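Peer 1: all I have is the shape, not the residue letters:
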């Protein structure tokens with residue numbers, strides 16, 4: 001980005017693809033803005049700019065490394081941003097351009113205080129996605145199969161045992177229990193999972209809950225961080241009845 005292009009952005013103000021930030025912004029706040037851009041169509045954060053477009057410049061040591069680190073640790077899945085400088089925008093004041101494209105692995109979440117939060121960009125504001133918006137984002141990215149629904153109250157018989165056994169032996173290369181050894185199957189499903197695990201009810205309640213939908217390795221958008229079931233997301237492992 002040239003100085004002329006930067007000054008034009010400052011003149012036009014923040015919008016759905018441009019955000020101004022001082023370089024003393026907290027890492028989780030910058031991660032929030034980047035996540036919102038990733039979940040829309042991409043955008044740029046101009047570090048060293050006040051909210052009103054005034055150039056304040058940058059003074060944080062090792063700023064590029066700091067940005068790269070938060071993109072690795074505060075954003076899930078991690079990303080590699082495009083970083084570039086515009087020097088001497090005003091005498092002695094430099095601006096760092098942090099650019100991200102539309103993410104190929106949407107939706108992206110910000111990790112903060114051991115919680116994953118999904119944000120979207122609406123105009124010049126980044127806000128938390130609603131449940132419906134998040135569901136649509138998962139569906140649009142192909143991360144959720146429409147048939148992968150929760151089946152509360154299902155029993156172990158809901159599994160297609162032949163396909164389940166084939167998956168463990170042929171794909172995971174692990175031995176499987178006898179068909180009627182439900183406790184052994186329970187342990188296997190809890191500890192040997194391709195994309196999560198099946199969480200069973202308390203011991204003594206023999207009703208089983210089938211998997212809920214979820215992105216590989218992540219908490220389902222339909223249950224968020226409030227707890228609930230994690231899923232097995234393997235097509236064909238359930239009986240069709």
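Peer 2: In hand now; what should we look at? This is a predicted model, so every value here is computed, not measured.

Peer 1: what's the spacing between the closest residue to residue 15 other than its chain neighbours and residue 91?
Peer 2: Setting aside the residues directly before and after it, residue 15 is nearest to residue 124 in space (CB to CB, 6 or more residues apart in numbering), at 5.6 Å. Quick note: C-beta positions are derived from backbone N, CA and C, even for glycine. Counting by CB to CB, to the nearest Å, the separation of residue 124 from residue 91 is 28 Å.

Peer 1: ok, these two, which is more surrounded?
Peer 2: Neighbours per residue (other CB atoms under 10 Å) separate residue 124 from residue 91, with residue 124 holding more: 14 against 6.

Peer 1: is the more buried one in contact with residue 12, as I believe?
Peer 2: No. The pair residue 124 and residue 12 fails to qualify as a contact (CB atoms under 8 Å) at a distance of 10.7 Å.

Peer 1: in three-state terms, label residue 176 for me.
Peer 2: The three-state assignment at residue 176 reads coil, by DSSP: H, G, I helix; E, B strand; the rest coil.

Peer 1: so how many other residues sit close to it?
Peer 2: Other residues near residue 176 number 18, with proximity taken as other CB under 10 Å.

Peer 1: and if you look at residue 63?
Peer 2: Residues near residue 63, counting by other CB under 10 Å: 18.

Peer 1: once you drop chain neighbours, what's closest to it?
Peer 2: Among residues not flanking residue 63 along the chain, residue 96 sits closest, at 5.7 Å (CB to CB, 6+ apart).

Peer 1: ok, that neighbour touching residue 23?
Peer 2: Yes. Counting by CB under 8 Å, a contact exists between residue 96 and residue 23, whose distance comes to 7.1 Å.

Peer 1: overlap of the contact sets of those two?
Peer 2: Listed as contacting both residue 96 and residue 23 by CB atoms under 8 Å, 6 or more residues apart in numbering are 47, 48, 58, 63.

Peer 1: from those, which two are the most distant?
Peer 2: Across the shared contacts of residue 96 and residue 23, no pair lies farther apart than 48 and 63, at 8.9 Å, counting by CB to CB.

Peer 1: overlap of the contact sets of those two?
Peer 2: Shared contacts of residue 48 and residue 63, defined by CB under 8 Å, 6+ apart, comprise 23, 96.

Peer 1: quick one, grab the pLDDT at the residue lying closest to residue 27 once chain neighbours are set aside.
Peer 2: Using CB to CB, 6+ apart and skipping residues adjacent in sequence, the residue nearest residue 27 is residue 70, 4.2 Å away. Looking at residue 70, its pLDDT reads 98.

Peer 1: which is the next helix or strand following the helix or strand where residue 70 lies?
Peer 2: Residue 70 is part of helix 63-73, with elements assigned from DSSP states H and E. Sequence-wise, the next helix or strand downstream of helix 63-73 (DSSP H and E) is strand 75-76.

Peer 1: hmm, who's touching the helix or strand following that following strand?
Peer 2: Moving toward the C-terminus from strand 75-76, the first helix or strand encountered (DSSP H and E) is strand 82-90. By CB under 8 Å, 6+ apart, the residues outside strand 82-90 that reach it are 1-3, 6-7, 48, 55, 57, 64, 67-68, 94-101.

Peer 1: just the buried ones from these, in ChimeraX syntax?
Peer 2: Here is the ChimeraX selection string for the buried members of the contacts of strand 82-90, based on 16 or more other CB atoms under 10 Å:
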select :6,48,55,57,67,68,94,95,96,97,98,99,100
